[in-house]
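# A structural model of the following input is requested.
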Amino acid sequence: MESSRTESALLATFPDYLEAQRLVDRMSDDGFPVESVRIIGDGVRTVEQVTGRMTRARAAATGAASGAWFGVFIGLLFGLFTAGQTWAWFIFISLAVGAFWGAVFGFVAHWTTRGRRDFASVMTLQARRYEVHVDADRAAEAAKYVR
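Prediction:
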């Protein structure tokens, strides 16, 4: 199998992804063939943003919300096979059962950690910098977009 890799040239470097995305968007808006452009994240790392304390009550509430959504989904599936107003009861009962069991599982899951992780967080991937590369044969044409 042959590699279809094309030699590329560095067009610009940015400290955040949005700036790199804006450059490519400007190029696209002007009709540049963006199929020859790549955004490369360099120095990728994980960043965990702590969003607050995780108490047993918060764990139960979070579990109840997740369970409720799952219950609504199950209720909708069962509701497809019912006639009349019965489908609304399927959704309501499924929501209630899902919220109850979600709260139970959320509470128990947090309780079993015995305080080893008493915070909630969101984990993301970030790069130290973002490079916009373009195929080498289009580098001269793309250079006009860099300010």
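
# tell me which residues of the helix or strand containing Leu95 are tucked away?
Using DSSP states H and E, Leu95 maps to helix 86-112. Counting neighbours by 16 or more other Cβ atoms under 10 Å, one finds that the buried residues in helix 86-112 are 87, 90-91, 94-95, 97-99, 101-103, 105-107, 110. Using the backbone N, CA and C atoms, a C-beta is placed for each residue, glycine as well.

# Widest-spaced pair of those residues?
Comparing all pairs in these by Cβ to Cβ, the longest separation belongs to Trp87 and His110, at 34.1 Å.

# give me every residue that touches the most centrally placed residue in the chain.
Central residue check for the chain by Cα atoms, centre = their mean: the C-alpha nearest the mean position is that of Thr124, 8.4 Å away. Residues touching Thr124, when contacts are defined by Cβ atoms under 8 Å, 6 or more residues apart in numbering, comprise 46-49.

# just checking, next helix/strand downstream of the helix holding Leu95?
Past helix 86-112, heading to the C-terminal end, the next element that is a helix or strand (DSSP H and E) is strand 119-126.

# could you give the mean pLDDT of that next one?
For strand 119-126, mean pLDDT rounds to 90.

# Might you calculate how far it sits from the centre of the chain?
11 Å (Cα atoms, centre = their mean, to the nearest Å).

# Could you list the paired strands of that strand along with their orientation?
Listed by DSSP bridges, the sheet partners of strand 119-126 and their directions read strand 45-53 (antiparallel).

# Show the subsequent helix or strand relative to the partner strand.
On the C-terminal side of strand 45-53, the nearest following helix or strand under DSSP H and E is helix 56-79.

# So which bits of that next one are buried?
Applying a neighbour-count criterion of 16+ other Cβ under 10 Å, the buried positions in helix 56-79 are 58-64, 66-68, 70-72, 74-75, 79.
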